Each structure stands twice: as C-alpha cells, then as structure tokens.
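**Q** Build me a model from this:
(one chain, ligands or ions: 1)
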Amino acid sequence: MSERPPSHTLTAFTELDDGKIEIQWADGAVTTHPTSWIRFNCGCAHCVDEWSGRKLLKPSEIPADLRPTVAEPVGNYAVRIAWSDRHDTGYYPLEILRKMPVAPDDWDTYLRGEQAWPDPPTDPDD
Ligand SMILES: [Zn+2]
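**A** A predicted model of the protein is given here:
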C-alpha cells in the first residue's frame, strides 16, 4: 500500500451549524464549503454526464436543508457521502475534494433558481 501525501489525507469531516462542511487535512489545511456545493460537485453518473461533463443536477434541485447522512472513507483515497436527499452514490476522491474550487459568490442565486448553471463548452467534433 502506497503512502498518501498528507495533503490528500482527510483527518476530520465536520458539519458546521451554518450549512457548511469543514474538512481538515493531515497537512494542517482546512477547507470549508457550503454543504450544497459539495453535493453539487458530486461526480457520480447520476450527477454528471460522463461524456459531456454536463451537470445533470440543477442547483435549484438541492434541498435547502440538505445534510450529509453518511461520510465514510473508501480505502485511503476517497470518501463516500450519502445525503439527506437520498442520494447515496456520492464518491469523492480526496485529491478532487482537496482541490474543489470555492463556491461562486453568487452561489445562492443558483440555489434559488435565479440563474442556470452553465453547461461546459461542447466539443464541435461531437
Ligand atoms: Zn452523484
């Protein structure tokens, strides 16, 4: 078994009171994201079209009271998160979770459905 770098080793996964999740890493870094943002960035086949990379989940479909119900390690390289919206195939490789960009400043407007999440640019050869 190869050693994981501390920057990609999760030491704590904490649900905060303000609808955010705080993740602590073995190198001392702490990343904090809105719960809905982590849910939205689920990379499973139910949430992302594997060919186009287009998100199949709309931010406005994420319940306002969404919470993680399960967060458990998958080996030492990923974490499986099940959500209170009954989505339980969320699988987050730790490298991706660590590098997850911060939510946009206007993330709330996407959650409220005031704007649609843009699709990725399509390849003209498709
Ligand atoms: Zn998913």
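
**Q** Pull up the per-residue confidence for G75.
**A** Here the pLDDT value assigned to G75 is 89.

**Q** end to end, how far does stretch 93-111 reach?
**A** 24 Å (Cα to Cα, to the nearest Å).

**Q** which element is the spatially most central residue of the chain on?
**A** Among the residues of the chain, the one closest to the centroid is I38, at 2.6 Å (Cα atoms, centre = their mean). Element membership for I38 (DSSP states H and E) is helix 35-40.

**Q** So that helix, near the ion or not?
**A** No. Against the ion, helix 35-40 shows no contacts by Cβ under 5 Å from the ion, the least distance being 8.1 Å. (Each C-beta comes from the backbone N, C-alpha and C, glycine too.)

**Q** How far does that helix sit from its chain's centre?
**A** 5 Å (Cα atoms, centre = their mean, to the nearest Å).

**Q** Now it: average pLDDT?
**A** Helix 35-40 comes out at a mean pLDDT of 98.
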